[in-house]
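[1] The sequence isn't on hand, but the structure is:
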């Protein structure tokens, strides 16, 4: 499978991965939406549900939600 297909796309729903929860314990358990992804790096801009501001995270820190 192509690496481009594995990248989160704008509008995708996500939760923190195990690695993300380990590195950012304050965000563990939160879900949100991908707002923007940078093509030149592994950084994605996300907005967690209930937050006004966006947050930038490495794409390895998030994974798609089941629902």
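    Done, it's in. Please read all numbers here as calculations on a predicted model, not as lab measurements.
[2] Next, count neighbours for residue 13.
    The number of residues packed near residue 13 is 15, by other Cβ atoms under 10 Å. Glycine gets a C-beta too; all of them are placed from N, C-alpha and C.
[3] show me the contacts for it.
    31, 32, 33, 64, 65, 67 (Cβ atoms under 8 Å, 6 or more residues apart in numbering).
[4] Quick one: buried ones out of these?
    Neighbour counting with 16 or more other Cβ atoms under 10 Å marks 32, 33 as buried within these.
[5] Strands - which of the contacts of residue 13 land there?
    31, 32, 33, 64 (DSSP state E).
[6] Break down the protein into its helices, ranges please.
    3-6, 18-23 (DSSP state H).
[7] any idea how far the longest one is from the chain center?
    Read that as helix 18-23. Using Cα atoms, centre = their mean, to the nearest Å, the distance from the centre of helix 18-23 to the centre of the chain it belongs to is 12 Å.
[8] Start at 14, not 1
    That works, and once the first residue is 14, the last one we named lands at helix 31-36.
[9] Need the contact partners of it.
    40, 41, 42, 70, 73, 74, 75, 76.
[10] rerun at 7 Å
    Outside of helix 31-36, the residues within contact range by Cβ atoms under 7 Å, 6 or more residues apart in numbering are 41, 70, 73, 74, 75.
[11] still on that earlier bit, weakest of the helices of the chain by average pLDDT?
    Among these, helix 16-19 carries the lowest mean pLDDT, a mean of 54.
[12] give me the low-pLDDT residue ranges for this protein?
    Low-confidence segments of the chain (pLDDT under 70): 14-19, 80.
[13] what residues are up against residue 24?
    46, 47.
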